[in-house]
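Visitor: any chance you can model this:
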Amino acid sequence: MEKIGRRTVLKLSVLEGLGLMAKPRGFLPVLAMEGSETFEVVKTEEEWKALLSPAQYHLLRQEGTESLFANTYHQSKATGTYHWL
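Guide: Presented below is the predicted three-dimensional model:
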């Protein structure tokens, strides 16, 4: 097995990080699938904002998450069977 140098690992890590940041910033296209056909969804950020609620936009386009302990069911005392997803 060939050794990989530290610089090579660093370069690959940087490239992977850039790739992860590119999609949410709008640099990479969003793809959709209908049947077996894949096509690009082209919308501006303003169109996404008009289409989605502020919470949906934050979650879907900015990779946001809900605040800890702030959801509707956190302090729920209702009887029932609860399952983790």
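
Visitor: shaky segments in this structure?
Guide: Scanning the chain with the threshold set as pLDDT under 70 gives 1-2, 18-34, 85.

Visitor: can you pull out the helices in the protein?
Guide: 6-22, 45-51, 54-61 (DSSP state H).

Visitor: pick the most deeply packed of those helices.
Guide: Ranked by mean neighbour count, these are led by helix 54-61 with a mean of 13 (mean count of other CB atoms under 10 Å). C-betas here are computed from N, CA, C, even on glycine.

Visitor: contacts for it?
Guide: P24, E45, W48, K49, L52, G64, T65, E66 (CB atoms under 8 Å, 6 or more residues apart in numbering).

Visitor: 6 Å instead, please
Guide: Here helix 54-61 makes contact (CB atoms under 6 Å, 6 or more residues apart in numbering) with W48, K49, G64.

Visitor: for the last one, give me its contacts.
Guide: So the one you mean is G64. Counted by CB under 6 Å, 6+ apart, G64 has contacts H58.

Visitor: measure it to Q56 for me?
Guide: Distance, G64 to Q56, by CB to CB, to the nearest Å: 10 Å.

Visitor: ok, the first one next?
Guide: Distance, W48 to Q56, using CB to CB: 9 Å.

Visitor: same check, this time on Y82
Guide: Counting by CB to CB - Y82 and Q56 are separated by 25 Å.

Visitor: again with G80
Guide: In terms of CB to CB, G80 sits 27 Å off from Q56.
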